[in-house]
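K.L.:
Could you look at this predicted model? Sequence included:
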Amino acid sequence: MSSRSFLGYYTPGLYPVCYTVRPPAVDLRPMTAIASSFSPEGFVIGSDGLRTDENGNVVTLSAQKIWPGEHRDFRFAVGWAGTSSFTFPSGRRFSFADELNAAVSRIKDVTFSGAMMYVDALAKMVAESLLSSLEPVSSESSGMLARAVFVGYYKGNPARLEVWFNHDNGWLVEPEIRIMDSDLSAFAIFSGSAGVFESMGLKRAPKSLFEAALYVSTYLQMCVDGRESSEDCKSFGGRVQLAQVSEDGFVWLDSSEEPDTQQSAILRRLIQSPPISKAEISAKIKAERAAKKAASAKKSVQKMDDAAPSA
């Protein structure tokens, strides 16, 4: 065969090894900056908000790249890097995020032995949906098509996993599941700028949700602000989006639609501020700890006053 075009073979009960998948117009640049950080209070995950078309024209600065997900045993957030959606020559659009969200709903009450088995089931459903949507195309390149990042709690235990949708000369190979919980405390860049991360000089894991959010939002804002000056940041831009995942579930930390808690208000101000230096990061962390210490001391004094016998 001079080119590999759509064959669409599939044997019920067997997971297909190869599909034809990639339209010629798909852009496989790392178009998303996405990172997560783990703290004792939960995960923080964030992304940039830029979406461009195949010609590099800006479509929106507030594209959603992170979604909440919930299974009876697994509360999580999922983010997409790579080519999370594309349009076929006929004009039909395929979205990995939309298909995954639909799969989450379909198996929300199914029992699984662990987070990996659950994510594997989702990945296979998405791949099968892609197979049924394909049109005759050909491709002479190979590599990553899209990558999904999961952070959350499975039966109360923190978990961080990735799903890779790769292709070989236009053939989609079986999704690859990677467990990334060997060191949950490590700051995880799923897509973005290695240079920005190195310039931050992070030397320890965050001790609180605020610190985790500070790390993630600072990294992402620096990626966004480097769009015009740094080669490895030119695909990033728009509004930084930030969310927390704990055992209680998913909460946006930068959404004006959420209740205006003190913590979310602080994080919104943090995201809207310009990038900060390592010295400023350290100062903010010290100030937060001092404020907590002072508040704790005040409560202790109040308890002593309340317990003291009246004259």
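P.N.:
Everything's here; your move.

K.L.:
how about the helices in the stretch 101-250 of the chain?
P.N.:
For the stretch 101-250 of the chain, the helices defined by DSSP state H, counting those that start in this stretch occupy 115-133, 194-200, 209-225.

K.L.:
Of these, which is nearest Glu41?
P.N.:
Among those, the nearest to Glu41 by C-beta to C-beta is helix 209-225 (4.0 Å). C-beta coordinates here come from the backbone N, C-alpha and C atoms, glycine included.

K.L.:
Low-confidence stretches in the chain?
P.N.:
Judged by pLDDT under 70, the chain has its weakly predicted residues at 1-31, 54, 134-141, 170, 181-182, 254-289, 292, 301, 303-311.

K.L.:
and the residue sitting nearest the centre point of it, backbone torsions?
P.N.:
Geometric centre of the chain, nearest residue: Gly79, 3.1 Å, by C-alpha atoms, centre = their mean. Gly79 adopts backbone torsions of phi -120, psi 150, taken as degrees, to the nearest 10.

K.L.:
My read is that it contacts Ala146, right?
P.N.:
No. With contact defined as C-beta atoms under 8 Å, Gly79 does not reach Ala146; the gap is 11.1 Å.

K.L.:
quick revisit: how about TSV for the helices of the stretch 101-250 of the chain, with mean neighbour count added?
P.N.:
Listed next are the helices of the stretch 101-250 of the chain as TSV, based on neighbours: other C-beta atoms under 10 Å:
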stretch	mean neighbour count
helix 115-133	19
helix 194-200	15
helix 209-225	24
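
K.L.:
Take the ones you listed and lay them out in a markdown table including distance to Ser84.
P.N.:
Shown next, in a markdown table, are the helices of the stretch 101-250 of the chain (distance: least, C-beta to C-beta, whole Å):
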| stretch | distance to Ser84 |
| --- | --- |
| helix 115-133 | 11 |
| helix 194-200 | 21 |
| helix 209-225 | 17 |
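
K.L.:
Just tell me which of these ends up closest to Asn57.
P.N.:
Closest among the helices of the stretch 101-250 of the chain, using C-beta to C-beta: helix 209-225, at 17.8 Å.

K.L.:
mind checking how far the closest one is from the chain centre?
P.N.:
Per C-alpha atoms, centre = their mean, to the nearest Å, the displacement of helix 209-225 from the mean C-alpha position of its chain is 13 Å.

K.L.:
likewise stretch 221-236?
P.N.:
That offset, for stretch 221-236, works out to 18 Å (C-alpha atoms, centre = their mean).

K.L.:
same check, this time on stretch 229-239
P.N.:
Worked out by C-alpha atoms, centre = their mean, stretch 229-239 lies 17 Å from the chain centre.

K.L.:
now stretch 225-244
P.N.:
Its chain's C-alpha centre and that of stretch 225-244 lie 14 Å apart, by C-alpha atoms, centre = their mean.

K.L.:
go on, stretch 82-98?
P.N.:
19 Å.

K.L.:
Would you mind measuring the gap between the ends of that stretch?
P.N.:
Length of stretch 82-98, first residue to last, C-alpha to C-alpha, to the nearest Å: 15 Å.

K.L.:
Show me which residues of it are buried.
P.N.:
Under the neighbour-count criterion of 16 or more other C-beta atoms under 10 Å, stretch 82-98 has 82-84, 86, 94, 96-97 buried.

K.L.:
ok, now stretch 151-160?
P.N.:
151-154, 158-160.

K.L.:
How about stretch 226-235?
P.N.:
226-227, 233, 235.

K.L.:
What are the contacting residues of that stretch?
P.N.:
By C-beta atoms under 8 Å, 6 or more residues apart in numbering, the residues outside stretch 226-235 that reach it are 29-33, 50, 52, 193-196, 223-225, 236-237.
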